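>>> with the input below, show me the fold.
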Amino acid sequence: IKMAVLMIAVALIGACVALTAQFFAAKAATGTAYAIRKDLNNSILNMDKDRYRQIGKATLLTRMTSDVNQVQNALNLFLRLFLRSPFIVVGAFVMSMLIDAKMSIIIGSVIVVLAICIYAVMRITLPRINDIQKRIDTLINRIKNDYGGAKVIRGFVIQDDEKDKFEGEVSDLYNKQLTVGRVSNILNPLTFALVNIGIILILYFGGGKVDTGTLSTGEVVALLNYMSQILIELIKMASLIVLLMKGIPSADRIAHVIDMSDNRDTIEDTPVVKSIRAVVDNNLKDIEKGEKIGIIGPTGSGKSLLLSVYMDNAENKSKIGYVPQEDSFFAGSIAENIAINKLSEDGEKESVDADIKRAADLSEFTNVIDIKGGADSQLNKGANNLSTGQKKRLALARALYKKPDILLMDDVTNPLDMITERTIIDNMLGSDMSVIIASQKVSAVMRADRILVIDGGRLIDEGNHNELLVRCELYSKMYYAQYPKAN
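This next block holds a predicted model:
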């Protein structure tokens, strides 16, 4: 009875310890996944746009979702099994040695052979798992491009070509996954086979030793029990290895995104960037309050780069409003896209509404708000239910909402009609803030206090409209190309 009570007590203690281990393993795994997602999100939000384009949206989405889940599952099972199963396997092997050293060689041989098999499977599958993930990223990117460019695909009647390409990529991915799945799934049956072979050998040689009196029947049964314990743990370890083979490459891919060096370090050495930095340091370092500056040049002359460099060098970015060439909008109301995170602050609703109206008036976006039915009307993801010109005015309203001391406008007026452009420029020129307008349209910059003419990243000339029209050949060519009757 005492022994039965002791066994029950040990079983209850084991159950409590197992539950505790499960709880803390799950807590550690979910906590790690939370920290990884947080770091990954911060890395993406602070990412340089060139680096962002290099990695791609599809890849970043995969890293944030499936890769983090793979790491979480692998870590959870690792903490539950890896800290327990090896001790049980080693302990069972040691106990078998205490019973009979020669018979323990069978158990040791099974463990060694299985370890070699696991190593071989990992060597085969790990590179292929990385290749599969790259193909998944490519496939996601293709799906995104096909869905986003459906009108173009139909317009050029290339649906069949795109279907063939998609089916080819899916088929190739299927074959790769099938190969990896077959190799990985060998581990479980292989473990059963090797351990059962070990049991057969123990019965065969143990039976002979029982006949000769070297071993007792109880000792043979004990060896079989140790072998069964090893079997159970090795099966668990095989499942863990399969998850680790997926989790380790996922962790490497996540680390690559987080630790990837900023592309601006490599751009820094190019002559164009050095020239642009010189222009910023010499001509835009000390901007007077309320000064209006125009930056003009042909396509690819470095206007956008100049504004980016100026923004990067600014000590207090919160005082700068920036309207980039590429706009980003969220699914939500117009007010949410203009005020961003201010709508959630208690007690500021009236102030926010007034600031939204002021920004909309300055950016000529008020009529769009009225047409859409108010600032609470909803926008699709990317504001796809707005025209290109309306998106530009929305982006300008967002920049003006924060009441910046300096406003940077990168080709904002390019998609606008002449009347709207004229009104917006009038609003900017009549404001108290300093404004830097980068454009390839002379009409957008000609009334600025001073104009910088840029080409190939170099400053060609600087002055007001009348001065440049006389002495700057590039500026006069651009002016008369846009105003041929003035020639």
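
>>> contacts and neighbour counts: CA atoms only from here.
Fine.

>>> now do the longest helix seen in the chain, average pLDDT.
Selection of the longest helix in the chain by residue count, based on DSSP state H, yields helix 101-148. For helix 101-148, the per-residue pLDDT values average out at 82.

>>> that one: how far from the chain's middle?
Taking the mean of its C-alpha atoms, helix 101-148 sits 24 Å from the chain's own mean (Cα atoms, centre = their mean, to the nearest Å).

>>> mind listing the strands for the protein?
Using DSSP state E, the strands found in the chain span residues 292-296, 320-323, 332-333, 378-379, 406-410, 434-439, 450-455, 458-463.

>>> tell me which of these sits most buried.
Burial among the strands of the chain, expressed as mean neighbours by mean count of other Cα atoms under 10 Å, is greatest for strand 292-296, which shows a mean of 26.

>>> starting from that strand, tell me which strands it pairs with and how they run.
Using DSSP bridges, the strands paired with strand 292-296 are strand 434-439 (parallel), strand 450-455 (parallel).

>>> so what touches it?
Residues outside strand 292-296 that contact it (Cα atoms under 8 Å, 6 or more residues apart in numbering): 303, 429, 434-442, 444-446, 448-454.

>>> the inter-axis angle of it versus strand 458-463?
When axes from the mean of the first three to the mean of the last three Cα atoms, to 10 degrees is applied, the directions of strand 292-296 and strand 458-463 differ by 140 degrees.

>>> model confidence over strand 292-296, on average?
Per-residue confidence for strand 292-296 averages out to 94 on the pLDDT scale.

>>> in space, not sequence, find me the middle residue of the chain.
The central residue of the chain, meaning the one whose C-alpha is nearest the mean C-alpha position (Cα atoms, centre = their mean), is residue 60 at 2.7 Å.

>>> do you know how far that one is from residue 458?
Distance of residue 60 to residue 458, computed by Cα to Cα, to the nearest Å: 35 Å.

>>> ditto for residue 307
Look at residue 307 and residue 458: by Cα to Cα, they are 14 Å apart.

>>> thinking again about what came up before, how close does the residue nearest to the centre of the chain get to residue 177?
According to Cα to Cα, residue 60 stands 21 Å off from residue 177.

>>> got JSON lines for the strands paired with strand 292-296, with mean pLDDT too?
Shown next, in JSON lines, are those (pLDDT from 0 to 100):
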{"stretch": "strand 434-439", "mean pLDDT": "94"}
{"stretch": "strand 450-455", "mean pLDDT": "93"}
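
>>> take those and lay them out in CSV including distance to residue 479.
Supplementary listing: the strands paired with strand 292-296 in CSV, determined by distance: least, Cα to Cα, whole Å:
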stretch, distance to residue 479
strand 434-439, 12
strand 450-455, 12
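
>>> thought residue 390 was touching residue 366?
No: in this structure residue 390 lies outside contact range of residue 366 using Cα atoms under 8 Å: 10.4 Å.
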